[in-house]
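# Quick one: sequence plus predicted model below, questions after.
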Amino acid sequence: MSVNNHNKLFVASCLALTVTAMTFAIRAGILGQLSRDFGLSDVQLGWINAMAFLGFPIATMVGGLIYNLIGAKKLVLIAFIGHVLGLVLTITADGFWALLISSFCIGFANGSVEAGCNPLVASIYSSNKTTMLNRFHVWFPGGIVVGALVSKFMTDLGFGWQAQIAVMLLPTAIYGYLILSQDFPRSHAVDTSTANNIAAMFSPLFLFVAFCMTLTATSELGTQQWIERILGAAGASPMLIMAMITGVMAIGRYFAAPIVKKLNPEGVLLYSAIVTSIGIYSMSVSTGHMLYISALIFAFGVTYFWPTMLGFVAENIPQAGALGMSIMGGIGMFAVSMWNPIIGGWIDQAREEALAAGGSPQVAELIAGQATLENLNIFPLVCIVAFLGLNWYMRKRYIKSSVESATSSQAVDVN
């Protein structure tokens with residue numbers, strides 16, 4: 001297929017991911033309104049968030065298994081239908097259970113975007129997978145910037161949460177049209193044998209990286225999804241902070257190529273874990289304008305987590321194919337779905353303890369947010385240890401590969 005067609009497919013994929021990101025950002029921005037309108041606790045909000053993150057891994061697992069059979073185009077069309085259904089059901093929701101179901105639909109749509117578009121991008125840009133996956137994933141933070149600013153300005157202007165959800169129907173319609181109007185290639189850059197894909201996913205390296213994905217995803221998305229509740233009483237605008245964080249992420253991912261080339265994917269992951277831990281700790285002890293600086297450090301840390309984890313799998317475990325990439329993304333989102341109610345529980349518990357100790361409601365909210373950030377910092381700290389081990393393993397693997405290559409060349413010369 002032509003370069004022009006590949007570029008159009010890439011643009012369509014980026015728009016679909018932008019909608020995915022907007023659902024994430026706007027949902028984070030309206031949690032307070034949902035709590036007030038429906039009388040929901042933070043634990044209940046956690047379960048609503050969890051459904052979005054649970055729908056994602058279910059879609060990626062199913063999508064990964066059927067990718068070789070139906071291809072990327074049908075998977076992204078499933079995403080389009082899921083987005084329309086989920087957004088409409090959210091707008092018309094009348095309580096906890098309706099929000100739960102609609103969030104699941106949106107999560108399923110988001111997972112279908114990842115299941116279809118990640119292997120598509122890796123296929124059409126097979127010579128520089130990690131770089132182009134980073135550029136594709138520019139539009140997750142890019143979409144969050146758009147969603148965060150839309151949520152803030154519409155809230156400031158007095159628009160309700162229903163109107164904020166309705167805004168997302170427009171970009172959804174645009175990417176749906178673009179997907180329908182393009183021909184999709186069959187993938188030749190990944191292993192199309194599902195049996196081989198599954199076998200590769202039981203390799204020790206894949207299982208180790210999958211464990212790490214649960215930590216990196218929660219470090220990034222678990223923190224950002226709760227940013228309005230965590231930082232709302234800390235003297236800064238949570239949605240402006242989210243816009244700033246994701247703006248930095250978008251720029252960083254677009255210019256990822258020289259960093260990936262210099263450090264290799266595993267080196268980028270170690271750097272990300274160290275800086276993310278520093279950023280979360282800094283946010284847990286900061287208030288007012290200092291929060292913006294702390295959040296900036298956090299942004300520099302989480303920028304490369306998600307796409308580099310996928311790129312590492314695509315480059316180092318290519319036998320896992322589209323299914324492996326889908327499962328890896330699904331594992332990350334599943335972990336976030338499981339941790340969301342727990343994070344909500346951390347907030348509720350810390351607030352209750354602060355109130356019981358005689359603190360004012362404002363102080364209790366501040367203490368609850370800071371305590372929750374301290375708990376969240378456990379995830380990148382564990383990542384640091386894990387990625388130190390990964391860098392050691394990959395260095396040994398590179399050395400072994402170089403020695404074998406040199407030995408093979410010498411044998412050919414002798415013959």
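On my side now, so go ahead.

# Thought Met338 was touching Gly46, still the case?
No: using C-beta atoms under 8 Å, Gly46 and Met338 do not qualify as a contacting pair, with a distance of 10.4 Å. Placement of C-beta: from N, CA and C, glycine included.

# any idea where the helices of the stretch 101-250 of the chain begin and end?
Taking DSSP state H, counting those that start in this stretch to define them, one finds helices in the stretch 101-250 of the chain at 129-136, 139-156, 161-167, 169-180, 194-200, 204-217, 223-225, 227-231, 238-254.

# With Ala93 as the reference, name the closest of those helices.
Comparison of those against Ala93 by C-beta to C-beta identifies helix 161-167 as nearest, at 8.7 Å.

# Using CSV, write out every CA atom in the closest one.
Taking only C-alpha atoms (Å, rounded to 0.1, in the frame of the first residue of the first chain), the coordinates of helix 161-167 have been written out as CSV:
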residue,chain,number,x,y,z
TRP,A,161,-21.1,17.0,33.2
GLN,A,162,-23.6,15.8,30.5
ALA,A,163,-22.5,18.6,28.1
GLN,A,164,-18.9,17.7,28.7
ILE,A,165,-19.5,14.1,27.8
ALA,A,166,-21.5,15.1,24.7
VAL,A,167,-18.6,17.2,23.3
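
# got a list of contacts for that helix?
With contacts defined as C-beta atoms under 8 Å, 6 or more residues apart in numbering, helix 161-167 is touched by 22, 26, 29-30, 33-34, 37, 87, 90-91, 150-151, 154-155.

# If we go by neighbour counts, what in that helix is buried?
Of the residues in helix 161-167, those buried under the neighbour-count criterion (16 or more other C-beta atoms under 10 Å) are 161, 164-165, 167.

# average pLDDT across it?
pLDDT averaged over helix 161-167 equals 91, rounded to a whole number.

# just stretch 43-52 next, same as before
This predicted structure assigns stretch 43-52 an average pLDDT of 84.

# Please could you give me each C-alpha atom of that stretch, formatted as PDB?
The C-alpha atoms that make up stretch 43-52 are tabulated as PDB, following Å, rounded to 0.1, in the frame of the first residue of the first chain:
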ATOM      1  CA  VAL A  43     -15.200   4.100  46.800                       C
ATOM      2  CA  GLN A  44     -18.200   4.200  44.500                       C
ATOM      3  CA  LEU A  45     -16.400   6.600  42.200                       C
ATOM      4  CA  GLY A  46     -13.500   4.100  42.300                       C
ATOM      5  CA  TRP A  47     -15.800   1.300  41.000                       C
ATOM      6  CA  ILE A  48     -17.100   3.500  38.200                       C
ATOM      7  CA  ASN A  49     -13.500   4.300  37.200                       C
ATOM      8  CA  ALA A  50     -12.700   0.600  37.500                       C
ATOM      9  CA  MET A  51     -15.300  -0.400  35.000                       C
ATOM     10  CA  ALA A  52     -13.600   1.800  32.400                       C
END
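
# on that earlier part again, tell me the one among the buried residues of helix 161-167 nearest to Lys262.
Top of the list for closeness to Lys262, among the buried residues of helix 161-167 and by C-beta to C-beta, is Val167 at 39.7 Å.

# How much space separates that closest one from Thr90?
Counting by C-beta to C-beta, to the nearest Å, the gap from Val167 to Thr90 is 12 Å.
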